[in-house]
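Visitor: All I have is the shape, not the residue letters:
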């Protein structure tokens with residue numbers, strides 16, 4: 001699995017001019033699933049996402065996770081203020097994260113999982129975030145979506161499950 005995680009002040013996803021998912025401050029997560037990915041990887045990456053320390057603490061350091069950010073609004077980069085009082089994430093499937101550009105000018109998406117394989121894994125990821133107490137909004141799988149966001153920072157992190165199997169230092 002490959003995730004592009006963006007810290008946002010707000011984000012929304014629309015399909016045919018209908019808002020299908022929307023959050024206040026929190027994380028927008030674009031999720032790509034490749035052939036061979038499993039629900040266990042989705043669970044592992046959901047825990048990593050929720051515990052990722054990319055929100056500022058009182059001293060301005062990246063010491064707070066999404067799980068630690070509920071509560072009153074603070075300055076930019078601080079704790080998200082949500083209407084529900086819970087941290088929020090917007091999960092949007094994006095098979096193009098597995099675009100292979102090594103040949104030619106048109107990306108190949110052969111490594112991306114087929115929709116019938118990918119959809120339950122994306123849902124397993126979103127459900128695993130919810131199981132940790134997060135409010136999770138979703139895009140609509142397989143739809144042509146318009147994603148709107150206000151990137152906070154900007155802070156963007158890319159996580160690939162294949163990286164967890166490699167040594168950290170060479």
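Guide: That came through fine. Small disclaimer: the values here were computed from a predicted structure and weren't measured.
Visitor: Pull the contacting residues for the residue nearest to residue 14 when sequence neighbours are not counted.
Guide: Distances taken as Cβ to Cβ, 6 or more residues apart in numbering put residue 146 closest to residue 14, at 4.7 Å, once the chain neighbours are dropped. In this view, the C-beta of every residue, glycine as well, is placed from N, C-alpha and C. For residue 146, the contact set (Cβ atoms under 8 Å, 6 or more residues apart in numbering) comprises 13-15.
Visitor: Centroid-nearest residue for the chain?
Guide: residue 29 (1.6 Å; Cα atoms, centre = their mean).
Visitor: can you confirm it is in a helix?
Guide: No: counting by DSSP: H, G, I helix; E, B strand; the rest coil, residue 29 is located in no helix; its state is strand.
Visitor: and the residue nearest to residue 14, how far is that from residue 166?
Guide: According to Cβ to Cβ, to the nearest Å, residue 146 stands 35 Å off from residue 166.
Visitor: Run through the residues that contact residue 142.
Guide: Each residue near residue 142 by Cβ under 8 Å, 6+ apart is listed here: 93, 115, 119.
Visitor: helices and strands around the longest helix anywhere in the chain, which ones?
Guide: Longest helix in the chain by number of residues, with DSSP state H as the criterion: helix 115-131. Other elements packing on helix 115-131 under the criterion 3 or more Cβ pairs under 8 Å, 6 or more residues apart in numbering; DSSP states H and E are strand 26-32, helix 39-51, strand 88-93, strand 135-138.
Visitor: Okay, now the unreliable bits of this protein?
Guide: Where the chain drops to pLDDT under 70, the residues are 70-86, 170.
Visitor: re earlier: pull the residues that contact the longest helix of the chain.
Guide: With contacts defined as Cβ under 8 Å, 6+ apart, helix 115-131 is touched by 1, 29, 31, 33, 35, 37-39, 41-43, 45-47, 49-50, 89, 91, 93, 95, 112-113, 136, 138, 141-142.
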